[in-house]
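Asks: Give me a model of this one.
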Amino acid sequence: MRLALYQPDIPHNTGAILRLAACLGLGVDIIEPCGFLWEDKRLRRAGMDYRELAVVTRYSSWERYLGERSSTGRLVLLSTRAATAHTTFRFESDDTLLLGRESAGVPPDVYDATDARITIPMAPGARSLNVAMAAAIVTAEALSQGEAWPGQPAKL
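Replies: Coordinates of the predicted model:
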């Protein structure tokens, strides 16, 4: 399983996601351009020393990502516009969880190119969760479904 960030624009959220991925043994794909410099001090601060432990692959564009991505599994988009709850979705071990920009999500062509779209159910009137929190919630569900937490054999 992998996490993919589409044009992330808040460095401390990206740092938190890198830390999450490092702790759980997941790879991370960064689809540029980013809304910050890769050496941004806020990214370093949020990621702490885990940033160096994360296995990160950077892609210069969405098109390059589609052509070169290492995973052959499904591309699963987290979106507030999706109809399927993450709790009813059946994850697979080679899924890549795609997160959009904090400020704008993903454009229609990216939305349409994904294999599945899921959402996190929220209280009425709530618009969205912080992208790093959303990544953690959905990643936890995916790993729990397959009992694939670090140190456990995967059952997905």
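Asks: For burial, what's the neighbour tally of Leu26?
Replies: 23 (other CB atoms under 10 Å). The C-beta positions use only the backbone N, C-alpha and C, and glycine is treated the same way.
Asks: now swap in Tyr111 and tell me
Replies: Residues near Tyr111, counting by other CB under 10 Å: 16.
Asks: in a helix, that's where it is, yeah?
Replies: Yes: going by DSSP: H, G, I helix; E, B strand; the rest coil, the assignment for Tyr111 places it inside a helix.
Asks: That one against Arg81, yeah?
Replies: Yes: contact status for Tyr111 versus Arg81: in contact at 7.5 Å, counting by CB atoms under 8 Å.
Asks: between the two, what contacts are shared?
Replies: Residues touching both Tyr111 and Arg81 (CB atoms under 8 Å, 6 or more residues apart in numbering) are 105, 117.
Asks: Which helix or strand in this structure has the lowest average pLDDT?
Replies: Scoring the helices and strands of the chain by mean pLDDT, DSSP states H and E places helix 41-47 at the bottom, with a mean of 59.
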